[in-house]
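Trainee: quick one, what's the 3D model for this:
(one chain, ligands or ions: 1)
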Amino acid sequence: MSHSDADIHPTVEEAADDIADMEIRGAATIADAAAGALATQAEDSDAESPESFRAEMRAAGRRLRETRPTAVSLPNALRYVLRGMEGRSVPDLRESVVESADEFQRELGQAQDNLGRIGANRLRDGDTVMTHCHSTDALSCVEKALDQGKEIHAIVKETRPRKQGHITARWLRDMGVPVTLIVDNAARRYLDQTDHVLVGADSIAADGSVINKVGTSGLAVNARERGVPVMVAAQTLKLHPDTMTGHTVEIEMRDEREVLTLDEEEEIGDVTVENPAFDVTPPRYVDAIVTERGQFPPESIVTLMRELFGDQQGGEPWEE
Ligand SMILES: O=C(COP(=O)(O)O)[C@H](O)[C@H](O)COP(=O)(O)O
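Mentor: Below is the predicted model:
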């Protein structure tokens with residue numbers, strides 16, 4: 001690496017590209033990768049002064065931050081690691097970043113395990129869950145239920161346009177769960193055979209709204225109409241601190257080519273394609289948000305947010 005103040009490590013560039021291209025995807029996995037990339041930036045830095053080290057870390061943080069806007073786990077991870085940066089010399093700063101990234105990654109894994117155990121208690125022996133997209137937090141609940149000796153079945157929504165349902169189907173098969181894969185449009189029909197809708201979250205807002213893969217809100221409304229409870233598995237890393245002061249969560253709009261190929265467009269003719277990646281499920285359609293700190297009705301999540309973020313003031317650590 002050269003000695004310029006804002007040198008971004010190739011590992012950070014690669015992680016940022018992979019997050020933007022969804023080679024690395026899912027809120028928890030994105031956060032884990034971002035923390036790991038910051039640790040590499042720190043470890044390999046040849047900055048000669050504390051100022052240039054800090055400038056490098058901020059530049060790396062900004063590069064990662066700009067990849068995808070909706071999953072708050074990403075800025076929450078960057079805040080955790082960069083706020084842990086302390087020391088007066090480059091070696092001290094380096095050590096603090098590496099330690100803080102390590103601690104973040106350990107806590108993330110631990111939170112997912114704890115959340116899984118709490119969520120598993122909602123599932124009974126023989127239950128069928130319906131999933132949407134691919135959520136490691138949601139699958140942790142199924143895994144822990146299996147550990148408790150329960151038999152669980154899954155109806156897995158394909159999840160157009162990227163078909164993350166295929167990843168979920170593979171993970172569940174690896175756990176030994178019988179899987180029925182359905183197209184998204186069949187979900188309402190199969191709710192009659194479903195005991196729980198089980199999804200993850202990219203962000204949870206202060207009013208208890210759940211921001212998750214587009215299609216989650218329609219599924220939740222249908223589930224309410226059919227009397228099927230909706231369970232959202234989301235570790236506290238998914239709580240969005242800015243929403244406590246009235247900010248809304250930005251919904252990522254992705255490339256139209258995920259929906260319509262060039263060949264298809266040539267056949268149809270010129271049309272406008274909209275491809276929002278996420279949507280907002282209002283709290284009244286959600287029965288429980290399961291976190292590593294316990295399960296909450298969505299309306300009361302703000303209390304937990306105040307406890308966790310109440311004292312956080314000031315600018316973003318990658319902008320300072
Ligand atoms: O919506 C998605 C992934 O969207 P994308 O595929 O566009 O990233 C997942 O449900 C959440 O990120 C939660 O996942 P996890 O529980 O693993 O954090």
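Trainee: please tell me how far Asp255 sits from the ligand.
Mentor: Distance of Asp255 to the ligand, given as CB to the nearest ligand atom, to the nearest Å: 12 Å. Heads up, the C-betas are built off the backbone N, CA and C, glycines and all.
Trainee: with Asp17 instead?
Mentor: For Asp17 relative to the ligand (CB to the nearest ligand atom), the value is 15 Å.
Trainee: need the contact list for that residue.
Mentor: Glu23 (CB atoms under 8 Å, 6 or more residues apart in numbering).
Trainee: mind checking how far the helix or strand hosting Asp32 is from the chain centre?
Mentor: Following DSSP states H and E, one finds Asp32 within helix 27-43. Taking CA atoms, centre = their mean, to the nearest Å, the mean C-alpha location of helix 27-43 is offset from the chain mean by 14 Å.
Trainee: ok, now stretch 72-81?
Mentor: Relative to the chain's own centre, stretch 72-81 is displaced by 11 Å; criterion: CA atoms, centre = their mean.
Trainee: equivalent analysis for stretch 98-107, please.
Mentor: 17 Å.
Trainee: what average pLDDT does that stretch get?
Mentor: The average pLDDT within stretch 98-107 is 98.
Trainee: tell me the buried residues in stretch 197-207?
Mentor: For stretch 197-207, burial by neighbour count (16 or more other CB atoms under 10 Å) applies to 197-206.
Trainee: end-to-end on stretch 152-162?
Mentor: 25 Å (CA to CA, to the nearest Å).
Trainee: what residues does the residue of the stretch 151-300 of the chain found nearest the ligand make contact with?
Mentor: For the stretch 151-300 of the chain and the ligand, the shortest gap (CB to the nearest ligand atom) falls at Gly200, measuring 3.1 Å. Going by CB under 8 Å, 6+ apart, Gly200 touches 26-27, 133, 135-138, 212, 232-234, 238.
Trainee: sort out which of those are in strands and list them.
Mentor: Counted as lying in strands by DSSP state E, out of these, are 212, 232-233.
Trainee: could I get those residues as CSV with distance to the ligand and pLDDT?
Mentor: Formatted as CSV, the ones in strands among the contacts of Gly200 follow (distance: CB to the nearest ligand atom, whole Å; pLDDT from 0 to 100):
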residue, distance to the ligand, pLDDT
Asn212, 5, 98
Val232, 9, 99
Ala233, 7, 99
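Trainee: and the residues you listed, which is closest to Glu43?
Mentor: In terms of CB to CB, no member of those lies closer to Glu43 than Ala233, at 32.5 Å.
Trainee: picking that back up, continuing past the helix holding Asp32, what's the next helix or strand?
Mentor: helix 50-65.
Trainee: which residues touch that next one?
Mentor: 3, 5-9, 12-13, 15-16, 19, 34, 37-38, 41-42, 45, 47, 74-75, 78, 82, 85, 87-90, 93-94, 97, 316-320.
Trainee: which among these end up buried?
Mentor: Among the contacts of helix 50-65, those classed as buried by neighbour count (16+ other CB under 10 Å) are 7-9, 12, 15-16, 19, 34, 37-38, 41-42, 45, 47, 74-75, 78, 82, 85, 90, 93-94, 97, 317-318.
Trainee: which ones among the residues you listed lie within strands?
Mentor: Among these, no member lies in strands (by DSSP E).
Trainee: now, these that are in helices?
Mentor: Secondary structure from DSSP state H places 12, 15-16, 19, 34, 37-38, 41-42, 74-75, 78, 82, 90, 93-94, 97 of the buried ones among the contacts of helix 50-65 in helices.
Trainee: near the ligand, which residues of the chain are found?
Mentor: Proximity of the chain to the ligand is confined to 25-29, 71, 133, 135-138, 164, 200-202, 212-213, 277 under the rule CB under 6 Å from any ligand atom.
Trainee: buried ones only from these, please, as a PyMOL command.
Mentor: In PyMOL, this line selects whichever of the residues of the chain next to the ligand come out buried by 16+ other CB under 10 Å:
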select buried, resi 25+26+27+28+29+71+133+135+136+137+138+164+200+201+202+212+213+277
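Trainee: hang on, Val290 packs against Arg122?
Mentor: Yes: if you go by CB atoms under 8 Å, Val290 and Arg122 touch, sitting 7.2 Å apart.
Trainee: what residues do those two have in common as contacts?
Mentor: 141, 231.
Trainee: same drill for those two, tell me which one is more crowded.
Mentor: Val290 (26 against 20; other CB atoms under 10 Å).
Trainee: which residues sit in contact with the closest residue to His153 other than its chain neighbours?
Mentor: Closest residue to His153 apart from its sequence neighbours, by CB to CB, 6 or more residues apart in numbering: Thr128 at 4.2 Å. Contacts for Thr128 (CB under 8 Å, 6+ apart) come out as 152-155, 193-196.
Trainee: again, only using 7 Å
Mentor: By CB atoms under 7 Å, 6 or more residues apart in numbering, the residues touching Thr128 are 153-155, 193-195.
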